[in-house]
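**Student:** only the shape, not the letters, is given here:
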């Protein structure tokens with residue numbers, strides 16, 4: 001009798017299903033346009049963080065260093081003649097390296113910035129809700145929607161750092177992504193082209 005009951009319950013009982021992550025596997029369908037994981041050259045901005053090492057401590061100085069940046073694809077056709085599309089902004093400059101790059105990011109992300117600014121104005125006027133907490137919550141949701149709106153022109157920022165860059169400088173650049181309402185960015189490694197362009201820009205500026 002016991003064996004019959006056990007067999008009955010085992011057959012009629014639904015076992016607990018293991019919770020697994022569903023992964024969308026790639027298909028063999030031909031892609032008519034460019035691959036989705038490739039960034040359009042017109043949207044890309046590459047930022048390279050460089051720093052200076054303290055000879056006494058051997059640590060990077062967060063208050064000293066450079067930001068190098070270029071838009072689109074690196075132009076190296078005339079690199080031997082000292083020409084490229086890479087530019088430099090010094091941390092200690094009058095305008096400030098972050099202010100310099102901020103202006104470029106805001107210009108490239110203009111449509112999203114304008115939309116978020118309108119949302120901020122509505123948020124300050126309690127336009128989403130009379131309840132402060134609810135007003136804040138709705139604003140954050142709408143801001144996120146604006147940042148993810150594929151119908152708006154948005155840049156893709158590629159962040160790279162040299163071995164001399166400090167952690168504080170990397171964090172500061174990441175903060176700029178939030179300040180400028182940019183959600184499409186990634187941290188990548190330096191390559192030979194980046195290094196060659198950076199050396200050329202340094203040498204060019206030292207001659208001035």
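**Tutor:** Cool, got the structure. Here the structure is a predicted model, which means the values were calculated and not measured.
**Student:** all strands for the chain, in order.
**Tutor:** 44-53, 60-71, 87-90, 156-161, 185-187 (DSSP state E).
**Student:** any idea which of those gets closest to residue 3?
**Tutor:** strand 185-187 (60.2 Å; C-beta to C-beta). In short, each C-beta sits where N, CA and C put it, glycine included.
**Student:** from residue 66, how far off is residue 161?
**Tutor:** 11 Å (C-beta to C-beta, to the nearest Å).
**Student:** joint contacts of these two?
**Tutor:** Shared contacts of residue 161 and residue 66 (C-beta atoms under 8 Å, 6 or more residues apart in numbering): residue 50.
**Student:** quick one: residue 169 and residue 51 touch, right?
**Tutor:** Yes. Here residue 169 reaches residue 51: they are 6.1 Å apart, a contact under C-beta atoms under 8 Å.
**Student:** so who does residue 75 touch?
**Tutor:** Taking C-beta under 8 Å, 6+ apart, one finds 83, 84, 85 in contact with residue 75.
**Student:** one more pass at 6 Å, please.
**Tutor:** 84, 85 (C-beta atoms under 6 Å, 6 or more residues apart in numbering).
**Student:** so what's the residue nearest to the spatial centre of the chain scoring on pLDDT?
**Tutor:** What sits nearest the mean C-alpha location of the chain, by C-alpha atoms, centre = their mean, is residue 185, with 1.9 Å. For residue 185, the pLDDT comes out at 90.
**Student:** and the one 3 residues further on, by the same measure?
**Tutor:** pLDDT, the model's per-residue confidence, is 91 for residue 188.
**Student:** for it, the count of nearby residues, please.
**Tutor:** 13 (other C-beta atoms under 10 Å).
**Student:** you'd agree it is up against residue 158?
**Tutor:** Yes. If you go by C-beta atoms under 6 Å, residue 188 and residue 158 touch, sitting 5.3 Å apart.
**Student:** which of residue 161 and residue 66 has more neighbours?
**Tutor:** Between residue 161 and residue 66, counted using other C-beta under 10 Å, the more crowded position is residue 66 (24 against 21).
**Student:** still on that earlier bit, tell me the contacts of the closest residue to the residue nearest to the centre of the chain other than its chain neighbours?
**Tutor:** Distances taken as C-beta to C-beta, 6 or more residues apart in numbering place residue 157 nearest to residue 185, at 4.0 Å, with adjacent residues excluded. Listed by C-beta under 6 Å, 6+ apart, the contact partners of residue 157 are 45, 182, 185.
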